[in-house]
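**Student:** Here's a sequence, model it:
(chains A and B)
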Amino acid sequence: MLFLIIKRILLGLITLFIVSLITFVGTEILPGDACTTYLERQAFGEQLEACYRRLGLNVPAYERYISWAVNAIQGDFGYSLSGEMPIKEVLGPRIKNSLVLASAAIFIGIPIALILGIVTALWRDKLPDVAISTVTIFAMTIPEFISATLLILIIAIWLEWLPGIVIVPTDVSFLELLPNIILPVIAIAMIMTAHMARMVRSSVIQVMASEYVQMAILKGVPYWKMVFKHVLPNALLPAINVVALTIAWLLGGVVVTEVVFNYPGLGRLVIESISNRDLPTVQALAIILASIYVSINLLADLMTLMLNPRLKTLQIRK
Amino acid sequence: MKLDNIYQEEKKSNFAKVSDIIVTMASRPSGFIGLSILIFHVILAFISPYIAPYDFKAINPTLMLQAPSAEYWFGTDDLGRDVFTRTILGGRTALTITFFGSLIALLWGGLLGIFCGLVGGKTDDIVMRIVDAFLSIPWILAMLLIVSLLGTSTEVLIPALGFFYGKGIVRVARAATHDVIAKDFIVSARARGHSNFSIIWNEIIPNVRDAILVEGAMRWSWMLLGFSSLSFLGFGVSPPTPDWGLMISNARGLMSFAYWSVIAPIVGLSSLIIGINLTADAFAKALGIDRSTKAPV
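**Tutor:** Presented below is the predicted three-dimensional model:
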């Protein structure tokens, strides 16, 4: 068991190492660098040389990678190009804001998804299932920027209930952020809930068709006792892994949603730093977002391992 | 003569198989709706240049932000361009780019997945590690970086989208190959001394084709979503080309008093994505593949 956990963590670290290599090589081989972007038309001769020296671009690429990686592990990502301030300080409040947004969406989304998924599975092909499934298909296929735009149009502009665009500085307190955050949270939670509800549904349906549930029915176990005692524990376990993957996949959607609502989080920073060709910040963002993805996956893997005794032996045999 | 007959019969049964699948797909209400929407959009993409009532880039300052009327069915936008014309033309670029992108994704993802599944061992381990690493970089960051540095031309977008949406197919193809590889007919093909290439072409591909095709159909709708998100963020098609994502992002700022110019492209894009999704779902069900437990990675 301990061996397995260590193995998973090591695999995650290897993945992160490859990600850092990919982003470093990627930003390296693509045309243009920090200095030519920064100096624009004056990018030649003495000035270019001076800029290379100042940013430390005059040493070989592998040396730069090593020093960058050593600093990055300690949380120091160097200086951003546009703001001329440490990336660490730029990232801090942005990460906090995005975390608030994402965790609010997750805490609202997961219980709703569980209820919807279980209801649709137990009343399969009946009216509740057909109605809810239709809505979830819509919620999950429509792009984030469309559902967000529609939310702004209907709730903020036509009904005038909530502010449509977030106009607050990056480092505001949570209470000031609250009314602004409701619409973005709804936009993200909607698509996430739809994805998860569908997975819970099919997982419950699979378990309901299994032999031990048939056996329980034949034995005369009361319906709801059977659902809560035999079906749900077994159905929700495999769903954890898939839910984690969904959350990680939705990171991209969070970027778009933040832009639509002008929300001061990591997603808008992605767009800003790419528009400004702020490569140091882009590298830092790639590593941070990839670490979030890897750790969510790791957590899900470990949770399924801990909760399911059958998987332990299975994995070792592999 | 006799061989010829067998060949003919097989060909016919292939055609019958395809039409069977389409009939099964259309027999469910959701599949029927999906197929009809998709066919409608494809036909529209072909004929829209001939039926568009106005020039999509004709700017008319005297007709700015007109409400829908008999003359301008969906009204006009902030530059006085006809929204109806731009809406029916708006899907062409997206459909073309994502269609060819999905083909590329299917091809490289499918082949690499089959190869990894067949070879196994160290090569497989290393390739899958790299694929995992690429998977953990959010697609939007990678796409934005490529597009902002290499430009937004079709020659950049199609391979870039094809590459980034293909890595998920690698996993599916590999898993499907793992399922067939232990079967007796592969073992006997090996015993007969067939080459790896012959085994892939004659034994594995026919057996994993369905799973890969279904995955590719699903990728198509995600790619469309990704592509229009890029356009929306200003990193996709460049103006004045009519494109739904771009139209929505332009009209968004004015929607408090000119909602029609944002509603029309929203309906266009959402219906196309839902159409492709329902079709892919029906396709999966017609082939007997359950996709609903899979995460959208």
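**Student:** Nearest residue to the residue in the stretch 1-150 of chain A that chain B sits nearest to in space, please, no chain neighbours.
**Tutor:** Taking CB to the nearest CB as the measure, the point where the stretch 1-150 of chain A comes nearest chain B is residue A:18, at 3.6 Å. For every residue, glycine as well, the C-beta is placed using N, CA and C. Residue nearest to residue A:18 in three dimensions, not counting chain neighbours: residue B:133, with 3.6 Å by CB to CB, 6 or more residues apart in numbering or on different chains.
**Student:** rewinding a little: please identify the helix or strand for the residue of the stretch 1-150 of chain A closest to chain B.
**Tutor:** helix A:2-29 (DSSP states H and E).
**Student:** got the buried residues for that helix?
**Tutor:** In terms of neighbour count (16 or more other CB atoms under 10 Å in any protein chain shown), helix A:2-29 has its buried residues at A:8, A:11-12, A:15-16, A:18-20, A:22-24, A:26-27.
**Student:** Who are the contact partners of the residue of the stretch 1-150 of chain A closest to chain B?
**Tutor:** Counting by CB atoms under 8 Å, 6 or more residues apart in numbering or on different chains, residue A:18 makes contact with B:129, B:130, B:132, B:133.
**Student:** Please point out which parts of the helix or strand that contains the last one sit buried.
**Tutor:** Residue B:133 is part of helix B:121-136, with elements assigned from DSSP H and E. Judged by neighbour count using 16+ other CB under 10 Å, the buried positions of helix B:121-136 are B:124, B:127, B:128, B:130, B:131, B:132, B:133, B:134, B:135, B:136.
**Student:** hang on, the last one packs against residue A:296?
**Tutor:** No - between residue B:136 and residue A:296 there is no contact under CB atoms under 8 Å: 9.8 Å.
**Student:** got the CA coordinates for stretch A:14-33 in CSV?
**Tutor:** Only the C-alpha atoms of stretch A:14-33 are listed here, as CSV (Å, rounded to 0.1, in the frame of the first residue of the first chain):
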residue,chain,number,x,y,z
ILE,A,14,7.8,12.7,-13.4
THR,A,15,4.8,14.1,-15.3
LEU,A,16,5.4,17.5,-13.8
PHE,A,17,9.1,17.3,-14.9
ILE,A,18,8.1,16.5,-18.4
VAL,A,19,5.6,19.3,-18.4
SER,A,20,8.3,21.8,-17.3
LEU,A,21,10.5,20.5,-20.1
ILE,A,22,7.8,20.8,-22.7
THR,A,23,6.9,24.4,-21.7
PHE,A,24,10.5,25.4,-21.5
VAL,A,25,11.4,23.9,-24.9
GLY,A,26,8.1,25.1,-26.3
THR,A,27,8.7,28.7,-25.4
GLU,A,28,12.3,28.3,-26.5
ILE,A,29,11.8,27.0,-30.1
LEU,A,30,8.9,29.3,-30.9
PRO,A,31,10.1,32.4,-32.7
GLY,A,32,10.7,35.6,-30.8
ASP,A,33,11.9,35.9,-27.2
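**Student:** for residue 289, helix, strand, or coil?
**Tutor:** No chain specified, so I'll use chain A. Under DSSP: H, G, I helix; E, B strand; the rest coil, residue A:289 falls in the helix class.
**Student:** other chain: chain B
**Tutor:** With three-state DSSP as the basis, residue B:289 sits in coil.
**Student:** For it, list the residues it contacts.
**Tutor:** Per CB under 8 Å, 6+ apart, neighbours of residue B:289: B:210, B:211, B:214.
**Student:** Nearest to chain A among those?
**Tutor:** Closest to chain A, out of all of those and judged by CB to the nearest CB, is residue B:214, at 15.2 Å.
**Student:** ok, the closest one touching residue B:284?
**Tutor:** Yes - using CB under 8 Å, residue B:214 is in contact with residue B:284, at 4.5 Å.
**Student:** Make a markdown table out of the contacts of residue A:18 and add pLDDT and distance to residue B:104.
**Tutor:** Below are the contacts of residue A:18 laid out as a markdown table (pLDDT from 0 to 100; distance: CB to CB, whole Å):
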| residue | pLDDT | distance to residue B:104 |
| --- | --- | --- |
| B:129 | 80 | 23 |
| B:130 | 81 | 18 |
| B:132 | 76 | 21 |
| B:133 | 75 | 20 |
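**Student:** mind putting these in JSON lines, distance to residue B:97 included?
**Tutor:** Output for the contacts of residue A:18, formatted as JSON lines (distance: CB to CB, whole Å):
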{"residue": "B:129", "distance to residue B:97": "30"}
{"residue": "B:130", "distance to residue B:97": "26"}
{"residue": "B:132", "distance to residue B:97": "27"}
{"residue": "B:133", "distance to residue B:97": "26"}
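**Student:** which of these lies closest to chain A?
**Tutor:** residue B:133 (3.6 Å).
**Student:** where's the closest one relative to residue A:4, distance?
**Tutor:** In this view, residue B:133 and residue A:4 are 21 Å apart by CB to CB, to the nearest Å.
**Student:** got it, and residue B:68?
**Tutor:** Note on residue B:68: its distance to residue A:4, by CB to CB, is 62 Å.
**Student:** What distance do you get for residue B:107 to residue A:111?
**Tutor:** From residue B:107 to residue A:111 the distance is 42 Å (CB to CB).
**Student:** now swap in residue A:190 and tell me
**Tutor:** From residue A:190 to residue A:111 the distance is 14 Å (CB to CB).
**Student:** repeat for residue A:125
**Tutor:** 24 Å.
**Student:** one step back: helix B:121-136 and the helix holding residue A:18, what's the angle between them?
**Tutor:** 70 degrees (axes from the mean of the first three to the mean of the last three CA atoms, to 10 degrees).
**Student:** Tell me the residues of the stretch 101-250 of chain B that contact chain A?
**Tutor:** Contact residues (CB under 8 Å from any CB of the partner chain) of the stretch 101-250 of chain B with chain A: B:129-130, B:132-142, B:144-146, B:148-150, B:221, B:225-226, B:228-229, B:232-233, B:245, B:248-249.
**Student:** could you redo the last one with a cut-off of 6 Å?
**Tutor:** By the rule CB under 6 Å from any CB of the partner chain, the part of the stretch 101-250 of chain B lying against chain A is B:132-133, B:136-141, B:144, B:148-149, B:225, B:228-229, B:232.
**Student:** Excluding chain neighbours, give the residue nearest to residue B:234 in space.
**Tutor:** residue B:249 (6.7 Å).
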